[in-house]
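J.: quick one, fold the following:
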Amino acid sequence: MLPGLLRPRIDHERTPMNSTIATQPDSSDSGAFWRNLSKSHRLLVSSLLSAIVLAASAQDAPPPPIVSVANPVFKQVTEWDEFTGRFVAQQRVDVRARVSGYLESVHFVDGQIVEAGQLLFIIDQRPFLAQTEGARAEVQSATTGLKRAQLEFERGKRLQSARAMSKETIEERGATRDAAQAMVAAATAKLRSAELDLGFTEVRAPLTGRSSDIKIDVGNLISGGAADSTVLTTIVSMDPIELEFEGSEAEMLRYMRTSQVYRLPTSTERTNPVEARLIDETGWPHKGFVSFLDNQLDFDTGTIRARATFANKDLLFLPGMFARMRMFAQEKHDAVLIPDSAVVADQARKMVMVVDANDTIEARIVSLGPLVDGLRVVRDGLQARDRVVVNGVLRARPGTKVTPQMVAIVDPGNTP
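T.: From the prediction side, this is the model:
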């Protein structure tokens with residue numbers, strides 16, 4: 001019936017016998033043809049056309065993308081939090097002279113390890129020697145004056161006992177003696193000051209450490225005794241040395257909660273152990289302990305400052321060096337781990353792509369922990385049988401079908 005219905009309608013009464021029969025209906029004939037169809041015929045034609053379109057679309061649609069999926073790794077781990085820090089010297093001193101004068105000699109070389117009290121510089125001592133000698137002479141003169149005043153006072157006391165001298169004269173002689181004593185004290189203090197200045201012409205190392213370069217040459221006039229005095233060199237202590245780092249408010253709170261749960265002392269109560277490594281090292285070969293925790297958070301960054309102390313007997317660490325440090329975070333416990341490459345960031349949220357039973361991608365929000373043996377700890381959001389996309393994450397879009405291929409996650413901690 002359908003071929004006949006689709007055949008063009010021909011009006012024999014209005015078409016001349018010698019005219020050509022049109023084989024294609026015009027637009028008005030097509031509309032008339034569709035209107036003349038019954039409702040059932042219209043549904044049949046629509047269904048056939050839809051089936052043809054769907055078949056063509058199915059043939060052109062690409063197959064679902066192939067992704068690698070794996071079940072999370074479950075094992076017992078001890079969690080450590082990692083930080084990036086910079087080494088700083090426990091002590092740092094800008095060496096300055098306490099007196100002014102011409103630099104006469106230097107007694108060390110650039111970058112030398114110096115000991116506390118070691119002679120570094122000598123300033124021209126001749127003016128200070130002269131001042132010392134003058135002060136010493138003033139002491140002698142004042143001492144002589146005191147002796148004379150004391151003799152006069154004692155003589156007056158004897159005369160007063162014989163009623164040969166008035167009380168007023170004795171009192172005057174006593175005042176003269178007291179003034180002479182004060183002059184001796186003043187002269188002695190002046191001598192001590194001069195001797196100190198003479199000693200300050202020898203500039204010595206205030207601590208044991210490594211010196212910087214010599215910042216001024218022999219023969220130059222240097223100023224001393226003030227905050228803006230000439231800097232001669234800089235010395236920093238080397239052993240032990242401190243690694244300064246910062247932690248977030250959330251990390252600080254977690255440490256405090258962990259201490260309360262496990263009844264562990266905090267870093268303000270004891271020296272908690274830490275481990276560190278330099279940028280060219282593997283593992284955590286350097287052992288230290290937390291030696292300082294600030295008493296407040298930074299109001300601008302919301303972080304708290306801390307320092308860890310490390311031994312530096314071989315002088316490997318230098319102030320200013322960067323290092324990675326890890327600190328104990330949680331006791332050994334069962335943990336879920338996945339490769340860090342499987343984690344997708346969505347602004348402030350962290351997600352992983354999970355393939356459900358229908359091979360459809362689902363975006364799963366997770367709470368992450370630190371890296372342990374190269375794998376990321378997932379604190380919340382994954383189950384043991386979840387199929388996590390570990391390769392082909394960019395091809396996995398939520399709500400789309402995929403072709404999953406099961407693989408196993410390599411655990412570096414269990415690799416022999």
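
J.: residue 304 and residue 252 touch, don't they?
T.: Yes - with contact defined as Cβ atoms under 8 Å, residue 304 counts as touching residue 252 (5.4 Å). The way it works is simple: take the backbone N, C-alpha and C, and place the C-beta from them, glycine included.

J.: between those two, which contacts overlap?
T.: Counting by Cβ atoms under 8 Å, 6 or more residues apart in numbering, the contacts common to residue 304 and residue 252 are residue 297.

J.: got any ranges where the stretch 1-150 of the chain has weak pLDDT?
T.: 1-45, 47, 49-61 (pLDDT under 70).

J.: tell me where it has helices.
T.: 2-6, 27-36, 39-60, 126-161 (DSSP state H, counting those that start in this stretch).

J.: for residue 315, what are its contacts?
T.: 113, 210, 238, 239.

J.: got a winner among the residues you listed for most neighbours?
T.: Counting neighbours by other Cβ atoms under 10 Å, residue 238 leads the contacts of residue 315 with 21 neighbours.

J.: now that residue: phi and psi?
T.: phi -120, psi -30 (degrees, to the nearest 10).

J.: my read is that it contacts residue 207, right?
T.: No - between residue 238 and residue 207 there is no contact under Cβ under 8 Å: 10.1 Å.

J.: so, low pLDDT: which residues of the stretch 151-300 of the chain?
T.: For the stretch 151-300 of the chain, the ranges with pLDDT under 70 are 258-271.

J.: quick one, strands of it?
T.: 202-204, 209-211, 221-222, 231-236, 241-248, 273-277, 286-293 (DSSP state E, counting those that start in this stretch).

J.: could you list the domains of the protein?
T.: The record's domain split for the chain, according to automatic domain parsing, is 2-59, 66-76+333-414, 80-89+238-331, 98-236.

J.: what number of residues lie near residue 88?
T.: Residue 88 has 15 nearby residues by other Cβ under 10 Å.

J.: oh, I was asking about residue 167
T.: 9.

J.: find the nearest non-adjacent residue to it, please.
T.: Nearest non-adjacent residue to residue 167, counting by Cβ to Cβ, 6 or more residues apart in numbering: residue 160, 7.0 Å away.

J.: contacting residues for that neighbour?
T.: 166, 167, 170.

J.: distance to residue 83 added to these, as TSV?
T.: Formatted as TSV, the contacts of residue 160 follow (distance: Cβ to Cβ, whole Å):
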residue	distance to residue 83
166	86
167	83
170	80
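
J.: which of those lies closest to residue 284?
T.: Comparing the contacts of residue 160 against residue 284 with Cβ to Cβ places residue 170 closest, at 85.1 Å.

J.: what's the neighbour count on the closest residue to that closest one other than its chain neighbours?
T.: Among residues not flanking residue 170 along the chain, residue 156 sits closest, at 4.6 Å (Cβ to Cβ, 6+ apart). Residue 156: 21 surrounding residues under other Cβ under 10 Å.

J.: same check, this time on residue 158
T.: By the criterion of other Cβ under 10 Å, residue 158 has 10 neighbours.
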